[in-house]
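Novice: sequence unknown, structure follows:
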């Protein structure tokens, strides 16, 4: 059926749009997001190495994949920690400044000069960010009053996600499963490193005693992320990139509606307008790439 690639991408967007709930549930049970991230991706990395015997050797043969592992790990740990500790909708919207960061990073590292359309996307995205994070009536001195650690992590995670996309474009010649393994290893390593450093510094608790609740969430997320990763590879390889980007924006919808229904956020007019500007900037990127060249 021709609809399967679209449904696969929609499933992947749903997994990450709803990921905030299991990570918040695990945090409530005493398992901090970096520990959860490290554990989940340890299972995925080990499974990939065992099932695809040549993937580890391919990963080791391409040094550029270490950069991919680093950027992917920073992206995942930042997003999961932000989503488990902050306002879900604010976190998702700030994370989706990623297309704006991509314009700047592609200019610096790929030599792609910004077009008028890409500059418009920057204006829309950062105007939306201001509406989402700056409190009403804020002065220049109190401009960061609405920012907490989750917001900073979401913005940083979006920047790392943009860097991941730039690196992927630079290493397109590497085997696809080596790239997937690099991302799994990066998320595993960065998750465990962040959790260990946070524990030693008194910022995170240790791994809690085994309990059915957090174990079920961790196993469930490992299964969903594995299926979602396969779905992304399956769908993205069969339909245009611009269409893939458009479908992935549904993650914002899944996250916003689920958080609102479960009482995890309040959708104010200011946040809705800011979100519309951020998503509008991302949609412009999709429409620009759909035009024939």
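Specialist: Perfect, thanks for sending it. Note that the structure is predicted; figures quoted are calculated from it, not measured. Numbering: from 1, shown residues only.

Novice: the bottom helix or strand of the chain by mean pLDDT?
Specialist: Sorting the helices and strands of the chain by mean pLDDT, DSSP states H and E puts helix 241-248 at the bottom, at a mean of 66.

Novice: Would you mind identifying the next helix or strand past that one?
Specialist: With elements assigned by DSSP states H and E, the helix or strand that comes after helix 241-248 is helix 250-261.

Novice: so how far is residue 186 from residue 153?
Specialist: When distance is defined by Cβ to Cβ, to the nearest Å, residue 153 is 17 Å away from residue 186. Every C-beta, even on glycine, is put in place using the N, C-alpha and C of the backbone.

Novice: got it, and residue 277?
Specialist: Here the distance between residue 277 and residue 186 works out to 31 Å (Cβ to Cβ).

Novice: If you count surrounding residues, which of those two has more?
Specialist: In this comparison of residue 277 against residue 186, neighbours counted by other Cβ atoms under 10 Å, the higher total goes to residue 186 at 26 against 20.

Novice: list the contacts for that one?
Specialist: If you count contacts by Cβ atoms under 8 Å, 6 or more residues apart in numbering, residue 186 has them with 68, 69, 70, 71, 72, 73, 74, 76.

Novice: what kind of secondary structure is it in?
Specialist: When classified by DSSP: H, G, I helix; E, B strand; the rest coil, residue 186 comes out as helix.

Novice: With adjacent residues omitted, what lies nearest to it?
Specialist: In space, not counting the residues next to it along the chain, residue 186 is nearest to residue 69; the distance is 3.1 Å by Cβ to Cβ, 6 or more residues apart in numbering.

Novice: what's the average pLDDT for the strand or helix carrying the one you found?
Specialist: Under the criterion of DSSP H and E, residue 69 resides in helix 64-85. Over the span of helix 64-85, the pLDDT mean works out to 94.

Novice: can you list contacts of the following helix or strand past that helix?
Specialist: Sequence-wise, the next helix or strand beyond helix 64-85 is helix 88-95, with elements assigned using DSSP H and E. Applying Cβ under 8 Å, 6+ apart, the contact partners of helix 88-95 are 17, 20, 79, 82-83, 128-129, 132-133, 150-151, 153-155, 157-158, 161, 251-252, 255-256, 258-260, 264-265, 267, 271, 274-275, 278-279.

Novice: Give me the buried entries from those.
Specialist: Buried members of these, scored by 16 or more other Cβ atoms under 10 Å, are 17, 20, 79, 82-83, 128-129, 132-133, 150-151, 153-155, 157-158, 161, 251-252, 255-256, 258-259, 264-265, 271, 274-275, 278-279.

Novice: Now do the strands in the chain.
Specialist: Assigned strands in the chain: none (criterion: DSSP state E).

Novice: What segments of it are helices?
Specialist: Per DSSP state H, the chain has helices spanning 4-17, 20-28, 33-51, 55-61, 64-85, 88-95, 98-109, 116-133, 149-170, 176-200, 212-236, 241-248, 250-261, 269-290. These are given in chain order.

Novice: and the ones you listed as a markdown table, adding distance to residue 206?
Specialist: Listed next are those as a markdown table, based on distance: least, Cβ to Cβ, whole Å:
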| stretch | distance to residue 206 |
| --- | --- |
| helix 4-17 | 27 |
| helix 20-28 | 14 |
| helix 33-51 | 8 |
| helix 55-61 | 30 |
| helix 64-85 | 16 |
| helix 88-95 | 25 |
| helix 98-109 | 33 |
| helix 116-133 | 32 |
| helix 149-170 | 20 |
| helix 176-200 | 6 |
| helix 212-236 | 13 |
| helix 241-248 | 35 |
| helix 250-261 | 29 |
| helix 269-290 | 36 |
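
Novice: for those helices, which one ends up most surrounded?
Specialist: Taking mean count of other Cβ atoms under 10 Å as the contact definition, the stretch among the helices of the chain with the greatest mean neighbour count is helix 88-95, which reaches a mean of 27.

Novice: Let me know the average pLDDT across it.
Specialist: Regarding helix 88-95, the rounded mean pLDDT is 86.

Novice: any weak-confidence spans in the stretch 51-200 of the chain?
Specialist: Where the stretch 51-200 of the chain drops to pLDDT under 70, the residues are 99, 110, 134-146.

Novice: one more time with 50
Specialist: Applying pLDDT under 50 to the stretch 51-200 of the chain flags no residue at all.

Novice: For stretch 84-102, what is the spacing between the initial and final residues?
Specialist: Taking Cα to Cα, to the nearest Å, stretch 84-102 runs 25 Å from one end to the other.
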